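**Student:** what's the 3D shape of this:
(one chain, ligands or ions: 1)
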Amino acid sequence: MTERRSVARWLVVVALVVLPVLVAGNAAAGNAGVHATISRTWSPVHTRVDPGSRVIWRNPTSISHTVTAFGGNWSIDRTLLPGALVGRTFNSAGVFKFRCRFHSALVGGVCSGMCGRIVVRA
Ligand SMILES: [Cu+2]
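**Tutor:** Residues are numbered from 1 along each chain as shown. The predicted structure is shown next:
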């Protein structure tokens with residue numbers, strides 16, 4: 001078998017066997033998606049998942065947003081350019097609040113504007 005054919009066969013194995021297993025595993029863990037909207041909100045605002053779930057924030061809008069943690073019990077501060085995404089896996093129960101620094105205000109720990117939360121079930 002040539003080197004090239006070997007690589008091609010390996011890619012087919014990845015596509016047909018490994019990827020479906022990964023997708024099935026993710027579905028079982030209760031993955032969730034959150035996306036930025038053109039009205040500068042997160043949708044959904046509240047997302048409830050089981051421990052071990054991965055949450056993916058997507059930015060399908062034409063402007064940049066950030067996924068920025070607040071509340072003090074976790075940390076993330078990532079800028080999402082148009083079309084970008086970022087993911088986090090939540091392994092422990094709790095309420096994990098996030099906001100977009102560009103389109104929200106945080107006053108006295110209270111967020112207004114582009115704010116959301118992930119609730120991880122116990
Ligand atoms: Cu924003």
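**Student:** walk me through the domains of the chain.
**Tutor:** If you go by automatic domain parsing, the domain ranges for the chain are 1-30, 31-120.
**Student:** need the winner for burial among those domains.
**Tutor:** Mean neighbours per residue, mean count of other Cβ atoms under 10 Å, is largest over those for domain 31-120, with a mean of 16. Using the backbone N, CA and C atoms, a C-beta is placed for each residue, glycine as well.
**Student:** may I have the distance across that one, first residue to last?
**Tutor:** 11 Å (Cα to Cα, to the nearest Å).
**Student:** that one: how far from the chain's middle?
**Tutor:** 8 Å (Cα atoms, centre = their mean, to the nearest Å).
**Student:** quick revisit: so can I have a markdown table of the domains of the chain showing mean pLDDT?
**Tutor:** A markdown table is the format used below for these (pLDDT from 0 to 100):
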| stretch | mean pLDDT |
| --- | --- |
| domain 1-30 | 52 |
| domain 31-120 | 98 |
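**Student:** who wins for proximity to the ion among the ones you listed?
**Tutor:** Nearest of those to the ion, taken as Cβ to the ion: domain 31-120 at 3.1 Å.
**Student:** pairing partners for Phe96 in the sheet, please.
**Tutor:** Per DSSP bridges, the residues bridged to Phe96 are Ile118.
**Student:** can you tell me how far it sits from Thr79?
**Tutor:** For Phe96, the distance to Thr79 equals 19 Å [Cβ to Cβ, to the nearest Å].
**Student:** do any residues in whichever strand or helix holds Thr79 lie close to the ion?
**Tutor:** Here Thr79, judged by DSSP states H and E, is contained in strand 77-80. No. Strand 77-80 does not reach the ion (Cβ under 5 Å from the ion); its nearest approach is 8.3 Å.
**Student:** tell me where this structure has helices.
**Tutor:** 3-13, 19-29 (DSSP state H).
**Student:** what sits against the residue nearest the centre of the chain?
**Tutor:** The chain has Ile56 as the residue nearest its centroid, 1.7 Å off, counting by Cα atoms, centre = their mean. Residues in contact with Ile56 (Cβ atoms under 8 Å, 6 or more residues apart in numbering) are Asn31, Ala32, Gly33, Val34, Leu85, Val86, Gly87.
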